[in-house]
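Participant: pasting the structure only:
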C-alpha cells in the first residue's frame, strides 16, 4: 500500500510545462502581461498591425509593411507601439516625453523574425517605452514576444 501511495504521489508531482501557441506576452513594468486575444491585420497600404488584448488593456504594434526585419519605434510616426489602459488612455511611442521627465525620446523596437504562409502568421519580439499624451507618465514593455499571431483581415 505504501509503495502504491508513493508511486501516485511522485506521478502527480511531475513538472508540466504549457506552451502557448499562438502567444502574445511581455513584461509590463516588470510584471508579466499576457494577451488573451491577439491578431494581425494588413491595411490597404500594406501596413501591418499586431494586436494583443487582455480583458481590459490593448497593445498595438504598427509597422509600415509586412516583412521580416527590425523596426525602430520612436523615429517615425509610421512605426509605433501603443498601450491602451483600462481607462482608455493611449500611451504611444509617438508621444514625446515632457522635458521634466526626459530630454531624449525613448526608442524601442519591433522585430519580425518569421512570417509563415502568405502573411498568415507572424512571429517576433518587441520592447518599448510609451508616454501618455501629456508626456508625463510612461509605461514600459520589455522581453515581449508574439508567436504565430494569425492574420484576421485582408487588404481592402
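Facilitator: Yep, it's here. All figures in this text were calculated on a predicted structure; none of them were measured in a lab.

Participant: For the chain, which segments are assigned as helices?
Facilitator: Applying DSSP state H to the chain gives helices spanning 2-12.

Participant: pull the longest strand from it.
Facilitator: When the chain is parsed with DSSP state E, its longest strand is strand 138-153.

Participant: Tell me which residues of it come out buried.
Facilitator: Neighbour-count burial for strand 138-153, with 16 or more other Cβ atoms under 10 Å as criterion, is recorded at 138-141, 144-149, 151. (Each C-beta comes from the backbone N, C-alpha and C, glycine too.)

Participant: Now render these as TSV, adding pLDDT and distance to residue 92.
Facilitator: Listed next are these as TSV, based on pLDDT from 0 to 100; distance: Cβ to Cβ, whole Å:
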residue	pLDDT	distance to residue 92
138	90	11
139	92	10
140	92	13
141	93	12
144	93	16
145	94	21
146	94	18
147	93	24
148	92	26
149	92	20
151	90	23
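
Participant: Out of the residues you listed, the closest to residue 41 would be?
Facilitator: Residue 41 lies nearest to residue 151 out of those, by Cβ to Cβ, at 6.6 Å.

Participant: quick one: contacts for that closest one?
Facilitator: Residue 151 is in contact with 39-42, 119-122, counting by Cβ atoms under 8 Å, 6 or more residues apart in numbering.

Participant: Just those residues: which are in strands?
Facilitator: Secondary structure assignment by DSSP E places 39-42, 121-122 of those in strands.

Participant: Buried ones from those residues, can you make that a PyMOL selection?
Facilitator: To isolate the buried members of the ones in strands among the contacts of residue 151 in PyMOL, using 16+ other Cβ under 10 Å:
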select buried, resi 39+40+42+121+122
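
Participant: Name the nearest of the ones in strands among the contacts of residue 151 relative to residue 28.
Facilitator: Distances from residue 28 to the ones in strands among the contacts of residue 151, taken by Cβ to Cβ, are shortest for residue 39, at 19.3 Å.
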